[in-house]
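Q: Turn this into a structure:
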Amino acid sequence: MNEGQPLLQGQVAIVTGASSGIGRAVAKALAGAGASVVVNHLSDWEAARKVVNDIQAAGRGAIAIEADVSQEEPVQSMFRKTIEAFGTVDILVNNAGIQQDAPFVEMTFEQWNKVLAVNLTGQFLCAREAAREFIRRGIRSEVSCAAGKILCISSVHEVIPWSGHVNYAASKGGLMQLMKSMAQELASHKIRVNSIAPGAIKTPINRKAWETPEAEAQLLEKIPYGRVGIPEDIAKAAVWLASDDSDYVHGATLFVDGGMMLYPGFTEGG
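A: Take a look at the predicted model:
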């Protein structure tokens, strides 16, 4: 990459679950850093189209592709369409995720399976297709010193247990080992694999936790830094991890959580 160019100039990124929340912010930030972006969504075409329009208005390439990341054929189709449109893929941000919460003894088999299918199997399917393309193509030295970058959007709950959300916590705990094992296996191909683990972020998936002053005050008790995160906090970290500025970062989870992993309940005396 030439000096003075945007960090991701000439690269192509797929961001799953990019029609809202963290995914939308990441897609726009990657585009702002020079990448062309595939905005993946499940069913909200209008929201995805708006993200695409915003990116194109800023002078970057973007398309929207509908695909259920928990299903193999739609994922493979998404990668085929991306390569047809842009020639290749350089960056995958595995962001798509859901919650279907219930007390453990009341959780249905369907709730368990659906969350694991999207949050864990979906990351496997997308990362596998990305890695196949990275290995097939090799390093594009004009844009990056790595053959490709895979970013897994995880959660502080890959470490912190979460009562009432066992399916979600299990999916993120599994993702931690998926990421590390992929990183171990793919390193020899010069493919970097890392995770970003958000704490409390103001997104539609957790609106009840922050939309009233009372709820936000209760949430802030768990955040030493004193504010609830916003999607752009994650997006900035994603740009850095996708760029050559973080080329020696591999197999790592970056916690972006305002200190939630510091276990603030132990601040006074433990």
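Q: From N94, how far out is F79?
A: Plainly put, F79 is 13 Å away from N94 if you go by CB to CB, to the nearest Å. Yep, even glycine has a C-beta here, placed from its N, CA and C like the rest.
Q: The two: which has the busier surroundings?
A: Shown here are F79 and N94; by other CB atoms under 10 Å, N94 has more neighbours (30 against 22).
Q: does the nearest residue to the more buried one once chain neighbours are set aside count as helix, strand or coil?
A: Excluding the flanking residues, the one nearest N94 by CB to CB, 6 or more residues apart in numbering is Q123, at 4.4 Å. Under DSSP: H, G, I helix; E, B strand; the rest coil, Q123 falls in the helix class.
Q: Would you confirm that Q123 contacts Q177?
A: No - in this structure, Q123 is not within contact of Q177 by CB atoms under 8 Å, at 11.5 Å.
Q: who's more crowded, these two?
A: Higher neighbour count among Q123 and Q177: Q123, with 29 against 10, using other CB under 10 Å.
Q: What confidence value was assigned to that one?
A: For Q123, the model assigns a pLDDT of 98.
Q: Okay, now the unreliable bits of this structure?
A: Residue ranges of the chain with pLDDT under 70: 1-3, 269-270.
Q: at 90 instead, please
A: 1-5, 203-215, 265-270 (pLDDT under 90).
Q: so where do the helices sit in it?
A: Assigned helices in the chain, in chain order: 21-32, 45-57, 72-86, 109-116, 122-137, 166-186, 213-220, 231-242 (criterion: DSSP state H).
Q: Redo these as a markdown table? Include distance to G251.
A: Listed next are the helices of the chain as a markdown table, based on distance: least, CB to CB, whole Å:
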| stretch | distance to G251 |
| --- | --- |
| helix 21-32 | 20 |
| helix 45-57 | 30 |
| helix 72-86 | 23 |
| helix 109-116 | 23 |
| helix 122-137 | 13 |
| helix 166-186 | 3 |
| helix 213-220 | 30 |
| helix 231-242 | 12 |
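Q: if I look at R140, how far off is G4?
A: Distance, R140 to G4, by CB to CB: 19 Å.
Q: hmm, I was thinking of T88
A: In terms of CB to CB, T88 sits 24 Å off from G4.
Q: Surely P224 touches Y263?
A: No - here P224 does not reach Y263: they are 9.4 Å apart, not a contact under CB under 8 Å.
Q: before we move on, back to that, more neighbours: which of T88 and G4?
A: Higher neighbour count among T88 and G4: T88, with 15 against 6, using other CB under 10 Å.
Q: That one contacts E133, correct?
A: Yes - under the criterion of CB under 8 Å, T88 makes contact with E133 at 6.4 Å.
Q: Can you get me a residue count around the nearest residue to G32 once chain neighbours are set aside?
A: Nearest residue to G32 in three dimensions, chain neighbours excluded: A58, at 6.8 Å (CB to CB, 6+ apart). A58: 11 surrounding residues under other CB under 10 Å.
Q: Equivalent analysis for T253, please.
A: T253, neighbours per other CB under 10 Å, totals 20.
Q: quick one: contacts for S246?
A: R192, N194, W240 (CB atoms under 8 Å, 6 or more residues apart in numbering).
Q: got it, and P198?
A: Residues in contact with P198 (CB under 8 Å, 6+ apart) are I22, I153, S154, S155, V156, G229, D233, I234, V256, D257.
Q: I55 versus that one, what's the distance?
A: Separation of P198 from I55 (CB to CB): 22 Å.
Q: Then M182?
A: Per CB to CB, M182 is found 28 Å from I55.
Q: mind listing what's buried in stretch 166-179?
A: Residues 166-176, 178-179 are the ones in stretch 166-179 that count as buried (16 or more other CB atoms under 10 Å).
Q: That's all I had, so thanks and see you.
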